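1. predicted model and sequence below, questions to follow.
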Amino acid sequence: MLAFLNDWISLHLLIWLLPVAFFLHDGEEIAAVERWIRPRKHTLSPLIQRALNWDKSITVQFATAVTLIGSLICLGTGIAAAAVQDGGKLGPVFVGMVAVMLLDGIKHVILSLEKRCYTVGAVTAALVEIPYASYALYRFYEADLVETSALWLGIAIVLPLVFLLIGIGFTLGRWIAPYRKPAAGPGRRM
């Protein structure tokens, strides 16, 4: 199986599959976040409760953060692809992005198992994030494109950067998100 994948997927393509995997996974999250999170508002950590404006569209706030992170993933992927094409190794930031994707996928699956229900992003975490990131790291090591020190340095750089970008994205999202329309109810017109 791995030999088939190794023949079928070039290293250049594998590098460019990172933003594809990211946007597939986060597309699931964007599609499901509003319906999933609102009923669970009071079970979320106080940090998440304060990060979102609950009077506005959660989907837009979340999508703003995803767009910001996704833009930087695309930029980092382009830099990594160019480096490898020129005969270089993958930099720590790109390797860190792949490793953080693997950690994120594992987190989603564990959270769903712990809660014994679907959680936002669990399906693509199991079907896209974990398989892609595991295989990509394996291939990058096999091709001698990454060193262990670069992996750990990349995780140390990317993990805090992701949290910072989520915070910035949610802040921007709160500014641009439209207010929710009031729900129709007895005596209310829409």
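-> Structure received.

2. for residue 6, which non-adjacent residue is closest in space?
-> Nearest residue to residue 6 in three dimensions, chain neighbours excluded: residue 139, at 6.9 Å (CB to CB, 6 or more residues apart in numbering). Where C-beta positions appear, they are placed from N, C-alpha and C, glycine not excepted.

3. now do the phi/psi pair for that neighbour.
-> phi -60, psi -40 (degrees, to the nearest 10).

4. residue 136: neighbouring residues, count only.
-> If you count neighbours by other CB atoms under 10 Å, residue 136 ends up with 25.

5. let's see the pLDDT reported for it.
-> Looking at residue 136, its pLDDT is 98.

6. helix or strand for it, which one?
-> helix 130-142 (DSSP states H and E).

7. tell me which residues in that helix are buried?
-> For helix 130-142, a neighbour-count test (16 or more other CB atoms under 10 Å) marks 130, 132, 133, 135, 136, 137, 139, 140 as buried.

8. of these, closest to residue 89?
-> Of all the buried residues of helix 130-142, residue 89 sits closest to residue 140, with 8.9 Å by CB to CB.

9. so residue 145 touches residue 87, yeah?
-> No: applying CB atoms under 8 Å, one finds residue 145 not in contact with residue 87, separated by 10.4 Å.

10. between these two, which has more neighbouring residues?
-> For residue 145 and residue 87, the more surrounded residue by other CB under 10 Å is residue 145, and the numbers stand at 21 against 6.

11. check contacts around the more buried one.
-> 11, 84, 89, 90 (CB atoms under 8 Å, 6 or more residues apart in numbering).

12. what about residue 106, which SS state?
-> Assigned with DSSP: H, G, I helix; E, B strand; the rest coil, residue 106 falls in the helix class.
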